[in-house]
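Participant: quick one: sequence and predicted model below, then my questions.
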Amino acid sequence: GEDVEQSLFLSVREGDSSVINCTYTDSSSTYLYWYKQEPGAGLQLLTYIFSNMDMKQDQRLTVLLNKKDKHLSLRIADTQTGDSAIYFCAETSNSGYSTLTFGKGTMLLVSP
Amino acid sequence: NAGVTQTPKFRVLKTGQSMTLLCAQDMNHEYMYWYRQDPGMGLRLIHYSVGEGTTAKGEVPDGYNVSRLKKQNFLLGLESAAPSQTSVYFCASRGRQAMNTEAFFGQGTRLTVV
């Protein structure tokens, strides 16, 4: 079945850039997503990228997709303490838009 | 906008008890999902539904049942709770169209089975 892998923890200082990485195995993935979960809350969609794109930029967020290596990254510029959260990579495949497969999540800790 | 609402938010059960978690969405979404979140495991799909009256098994369906009698509601049942079902449960919904890419999540139900 599909598999999505992420590193579990990242620590940065406020003002630095953060890069969270994700790899996936399903070559038929169509949409790839980044969700953010703050403590005690549900997940919120941050951004997504369609599989025929290489890059997407949205304010402080930059998503890079390398389809050949099945590698997705999320870069947060000028990281703030409010960015501290768990970030989940997820994908939907061509087999149906019905299910999302999530990685285990990367905990981002931003220190002042 | 209520979005996706889960009830209850917290529950403690004794082993062997049963309960039903309710998920309600007001966005007229076709797809609904139940996930469980455990430390270090991410979100794992329990069951999902692609429309009223239909359900399907996800990655970890054992010990759970679901029903989708109405489009806006997706119920998750535990017939005989076990300590291994201690978890945080999230419901999500999304539209059917390919461009409706966002899944909306509820705030979660924290369940402890003792």
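Facilitator: Happy to help now that I have it.

Participant: tell me the buried residues in the strand ranked longest in chain B?
Facilitator: Scanning chain B for the longest strand, with DSSP state E as the assignment, gives strand B:42-51. By neighbour count on 16 or more other CB atoms under 10 Å in any protein chain shown, the buried set for strand B:42-51 is B:42-50. The C-beta positions use only the backbone N, C-alpha and C, and glycine is treated the same way.

Participant: ok, B:Tyr89 touching B:Thr20?
Facilitator: No - counting by CB atoms under 8 Å, B:Tyr89 stays clear of B:Thr20, with 11.4 Å between them.

Participant: hey, what's in contact with both of these two?
Facilitator: B:Leu76 (CB atoms under 8 Å, 6 or more residues apart in numbering or on different chains).

Participant: who's more crowded, those two?
Facilitator: Neighbour count, other CB atoms under 10 Å in any protein chain shown: between B:Tyr89 and B:Thr20, B:Tyr89 has more, with 22 against 14.

Participant: contact partners for that one?
Facilitator: For B:Tyr89, the contact set (CB under 8 Å, 6+ apart) comprises B:6, B:21, B:34-37, B:46, B:76, B:108-109, B:111.

Participant: so which of these reach chain A?
Facilitator: Residues of the contacts of B:Tyr89 in contact with chain A (CB under 8 Å from any CB of the partner chain): B:35, B:108.

Participant: what lines up beside the longest strand of chain B in the sheet?
Facilitator: Using DSSP bridges, the strands paired with strand B:42-51 are strand B:31-38 (antiparallel), strand B:54-57 (antiparallel).

Participant: interface residues of chain A facing chain B?
Facilitator: For chain A, the residues in contact with chain B (CB under 8 Å from any CB) are A:1, A:8, A:30-31, A:33, A:40-45, A:48, A:88, A:92, A:96-105.

Participant: now for B:Gln25: which residues touch it?
Facilitator: Contact analysis of B:Gln25 by CB under 8 Å, 6+ apart lists B:3-5, B:32, B:72, B:74, B:91, B:93, B:104.

Participant: ok, B:Pro61 next?
Facilitator: Neighbour list for B:Pro61: B:46-47 [criterion: CB under 8 Å, 6+ apart].

Participant: assumed it was part of a helix.
Facilitator: No - checked against DSSP: H, G, I helix; E, B strand; the rest coil, B:Pro61 lies outside a helix; its state is coil.
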